[in-house]
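# Dropping a prediction and its sequence here:
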Amino acid sequence: MDYPKVILKSGKDQSVRRYHPWIFSGAIKKIIGNVNEGDLVFVTDNKDEFLALGHYQIGSIAVRIISFEEIEINDSFWKEKISKAYNFRKEFGLAENENTNVYRLVHAEGDGLPGLIIDFYNGTAVLQMHSIGMYLNREHIINALKELYGDKLKAVYDKSENTIPFKSDIEAKNGYIYGESSEKTVVEYGNKFKINWEDGQKTGFFIDQRESRKLLAEYSKDKSVLNVFGYTGGFSVYAMQGGAKLVHSVDSSKKAIDLTNENIDLNFEDTSRHEAFAVDAFEYLNDIKDKYDIIILDPPAFAKHQNVLHNALQGYKRLNIKAIENIKLGGLIFTFSCSQVVSKENFRKTLFTAAANTGRNVRILHQISQPIDHAVNLYHPESEYLKGLVVYVE
Ligand code: SAH
């Protein structure tokens, strides 16, 4: 195989030998051969021993590893990787399930494919590529998807415009790269949602909260529920389906509120139990004393970088103080953080500080992490981002 060779400095092979899928630029001793962004490269230690194959990119993460074995990277490589990801979901009841036709098919490093996200929405695969190497392999990826799904694949939508590094000369544009689909309704545990992958956040839906929504439904019977940062109204639909007597959805975006109402209409004939408000969460929470039995706090990532971690934690604290202070006696709070830089420990400490501020008794009923289609690669702790706690407040 005649790939450019990336030779690591002495000692810098340790993390690759422990299957960490990234090579930082500082670990590289030299590169032999002419290498362009997105090229496949051969990674060796400083004694020329093979370590891995990966995609090269300019930046602090210089190589994203796609194989720790010395194999041919061709059409069958992509087909095998993607069907492996599919079979894993199938084994755990996600793919080929009438009640749930929305799931993450490929979760980047979690599935051994750094830089590639594929979300499946009832016939449409939405691709989000974070590396140039993945972007250049779109044809292989489409071929693999077509073979895997056959007639069930109606369209492939590429949503990489804002995720490919802006300095590359690729100029990725969002759009269909195979077929086109007008079917925008999916089902999740039997609940219907209209998804807008063209304009929506992420690939259109927060698929990673599926199990938390299901858990909420189990607690909602006869309760008054407040869903803060509701976006598509996912939690609200589940609370309604679980028999809540009242559900309020709050999001600062008017578009999100419209989408929430649309999703409620899609699932229920009588929607009088539900009301949605386009207002700021922090303001809304000032005036909720003893109004709700259950409060969901699922804000956007307050910190995208380590340097704003402190402010982010303050944000989570303020938010949770308001909820803990005002929830009814014996109420439940479903509180989340999807900031990757906020660790599980940090989030829990923040909740501790918030609770202590209010003087109320708080017990943890559930600790939530990522669902199986977003499973964390043990060798890549960076892929853990979602944390949640369900707490009981007295
Ligand atoms: N809980 C949602 C995902 C939340 S995404 C789900 O399960 O699908 C975060 C949402 O928070 C976005 O819809 C965004 O519009 C909203 N948001 C951001 N800042 C806000 C604020 N200050 N007040 C209210 N909503 C806000």
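Happy to help now that I have it. Residues are numbered from 1 along each chain as shown.
# Going along the chain, name the helices of the chain.
For the chain, the helices defined by DSSP state H cover 14-17, 75-91, 132-135, 138-149, 210-219, 234-241, 254-267, 281-284, 309-326, 344-358.
# Tell me which residues touch the residue nearest in space to the middle of the chain, please.
When Cα atoms, centre = their mean is applied to the chain, the residue found nearest the centroid is Asp208 (5.3 Å). By Cβ atoms under 8 Å, 6 or more residues apart in numbering, the contact set of Asp208 is 104, 338, 370-371, 374, 386. Heads up, the C-betas are built off the backbone N, CA and C, glycines and all.
# swap in Thr358?
Counting by Cβ under 8 Å, 6+ apart, Thr358 touches 321, 324-325.
# before we move on, what about Asn34?
Going by Cβ under 8 Å, 6+ apart, Asn34 touches Pro4.
# Please apply the same query to the one 10 residues further on.
Counting by Cβ under 8 Å, 6+ apart, Thr44 makes contact with 5-8, 50-51.
# and those residues, which are buried?
5-8, 51 (16 or more other Cβ atoms under 10 Å).
# Rebuild those as TSV, extending it with distance to the ligand and pLDDT.
Formatted as TSV, these follow (distance: Cβ to the nearest ligand atom, whole Å; pLDDT from 0 to 100):
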residue	distance to the ligand	pLDDT
Lys5	43	97
Val6	38	98
Ile7	43	98
Leu8	39	98
Leu51	39	98
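# Among those residues, which one sits closest to Thr203?
Closest to Thr203 out of those is Val6 (31.1 Å), distances taken as Cβ to Cβ.
# pretty sure that closest one contacts Tyr56?
Yes. With contact defined as Cβ atoms under 8 Å, Val6 reaches Tyr56; the gap is 7.0 Å.
# Mutual contacts of those two, please.
Contacts common to Val6 and Tyr56, judged by Cβ under 8 Å, 6+ apart, are 35, 41, 62-63.
# what bits of this protein have low per-residue confidence?
1 (pLDDT under 70).
# Is there a neighbour count for Ser67? I'd like the number.
Residues near Ser67, counting by other Cβ atoms under 10 Å, number 15.
# let me redo that: Ala356
12.
# How much space separates it from Phe347?
Using Cβ to Cβ, to the nearest Å, one obtains 15 Å as the distance from Ala356 to Phe347.
# Just confirm Leu215 contacts Gly388, I think it does.
No. With contact defined as Cβ under 8 Å, Leu215 and Gly388 do not form a contacting pair (9.3 Å).
# Pick out whichever of these two has more residues nearby.
Shown here are Leu215 and Gly388; by other Cβ under 10 Å, Gly388 has more neighbours (23 against 19).
# Look at the closest residue to that one other than its chain neighbours and say how many residues are nearby.
With sequence-adjacent residues excluded and distances taken as Cβ to Cβ, 6 or more residues apart in numbering, Gly388 is closest to Ile368, at 3.3 Å. Ile368: 17 surrounding residues under other Cβ under 10 Å.
# show me what contacts Ile368?
211-212, 215, 336, 386-390.
# do that again at 10 Å, thanks
Counting by Cβ atoms under 10 Å, 6 or more residues apart in numbering, Ile368 touches 209, 211-212, 215, 334-336, 386-390.
# what do you get for Gln14?
Gln14 is in contact with 8, 20, 27, 45, counting by Cβ under 10 Å, 6+ apart.
# what does Asn361 give?
Going by Cβ under 10 Å, 6+ apart, Asn361 touches 355, 392-394.
# which ones among those residues are found in strands?
Among those, the members found in strands (DSSP state E) are 392-393.
# quick revisit: I'd like the contacts of Asp208 as JSON lines, with distance to the ligand and neighbour count appended.
Listed next are the contacts of Asp208 as JSON lines, based on distance: Cβ to the nearest ligand atom, whole Å; neighbours: other Cβ atoms under 10 Å:
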{"residue": "Arg104", "distance to the ligand": "14", "neighbour count": "26"}
{"residue": "Cys338", "distance to the ligand": "8", "neighbour count": "19"}
{"residue": "Gln370", "distance to the ligand": "14", "neighbour count": "21"}
{"residue": "Pro371", "distance to the ligand": "13", "neighbour count": "20"}
{"residue": "His374", "distance to the ligand": "13", "neighbour count": "22"}
{"residue": "Leu386", "distance to the ligand": "11", "neighbour count": "21"}
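# Sounds good, over and out.
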